[in-house]
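[1] Here is my input; please provide its structure:
(2 chains)
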Protein chains: 2
Amino acid sequence: MNAQPEYRPGLHILASFTAAAAPLEDMQACRESFNGIILRHELQKVGEAYHAFPGGGFTAVIALTESHLSIHTWPEHGLATFDVFLSNFLRDNSATVRAIYNDVLMYFGATELSKTELQR
Amino acid sequence: MNAQPEYRPGLHILASFTAAAAPLEDMQACRESFNGIILRHELQKVGEAYHAFPGGGFTAVIALTESHLSIHTWPEHGLATFDVFLSNFLRDNSATVRAIYNDVLMYFGATELSKTELQR
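    As a prediction, the model looks like this:
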């Protein structure tokens, strides 16, 4: 179970953060922010699913040629979980993973609760 | 940065595994398998994105009311990364997270390279 693969795809950041209810409820604004972040970091989106829940939260998963982003929000708890995972197929994207995470924290005006960096 | 949130969404398993090239290239068969797994575990899909790459790999992200699944395959390396994250909104889904992971390993005839369990 501990064999090393020959190929290591790249860096995955998994985080939880608190934020005000307003951005945690505004799925369309989040989509626009994510689209801007994807464009700014020269990534390529190949599919996405955004879903708003009746209670005010939303969930989104975005497929990139370089792997994925995901977010799940619980505005009733002032909480979100966010993931960004980018493979290094064309270049080393580790710095981009960290930059995207910071962009997302900034967009939400978020306070980090937990962050895990996993080299996959 | 180490504050405990009041609400803990649930268990996330992140894994890497090796498998034969055939299932790592067959996106439609994977989609059917995932749909069966989602149904069998009584989860609710609210969106998905599947994308096949010219080189033979594919990527998929599936939004569930309970969070998400994702997979990225590199058949040229005999490798995939897989994630399953389920929140505990209606029930404790930890056992389901582990069961889904085992279902996916079995479907791919996979050998686990790495597995991380993260309580989010």
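
[2] Three-state assignment for A:Phe17, please.
    Assigned state for A:Phe17: strand (three-state reduction, DSSP: H, G, I helix; E, B strand; the rest coil).

[3] Report the contact partners of it.
    Listed by C-beta atoms under 8 Å, 6 or more residues apart in numbering or on different chains, the contact partners of A:Phe17 are A:79-80, A:82, A:105, A:108, A:110-113. Placement of C-beta: from N, CA and C, glycine included.

[4] Can you flag which of those residues belong to helices?
    The helices, defined by DSSP state H, take in A:105, A:108 from these.

[5] hmm, which of the contacts of A:Phe17 are the buried ones?
    A:79-80, A:82, A:105, A:108, A:110, A:113 (16 or more other C-beta atoms under 10 Å in any protein chain shown).

[6] Out of those residues, the closest to B:Gly10 would be?
    Nearest to B:Gly10 out of these is A:Leu79 (C-beta to C-beta; 12.1 Å).

[7] got a list of what that closest one touches?
    A:Leu79 neighbours (C-beta under 8 Å, 6+ apart): A:16-19, A:24, A:73, A:113, B:5, B:7, B:9.

[8] ok, now A:Phe53?
    By C-beta under 8 Å, 6+ apart, the neighbours of A:Phe53 are A:59, B:65.

[9] can you check A:His41 too?
    A:96, A:99-100.

[10] and what of A:Ala29?
    A:Ala29 touches A:Pro23, counting by C-beta under 8 Å, 6+ apart.

[11] returning to what we had before: and the contacts of A:Leu79 as a markdown table, adding distance to B:Glu117?
    What follows is these, written out as a markdown table (distance: C-beta to C-beta, whole Å):
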| residue | distance to B:Glu117 |
| --- | --- |
| A:Ser16 | 15 |
| A:Phe17 | 21 |
| A:Thr18 | 23 |
| A:Ala19 | 26 |
| A:Leu24 | 26 |
| A:Thr73 | 23 |
| A:Leu113 | 18 |
| B:Pro5 | 18 |
| B:Tyr7 | 19 |
| B:Pro9 | 14 |
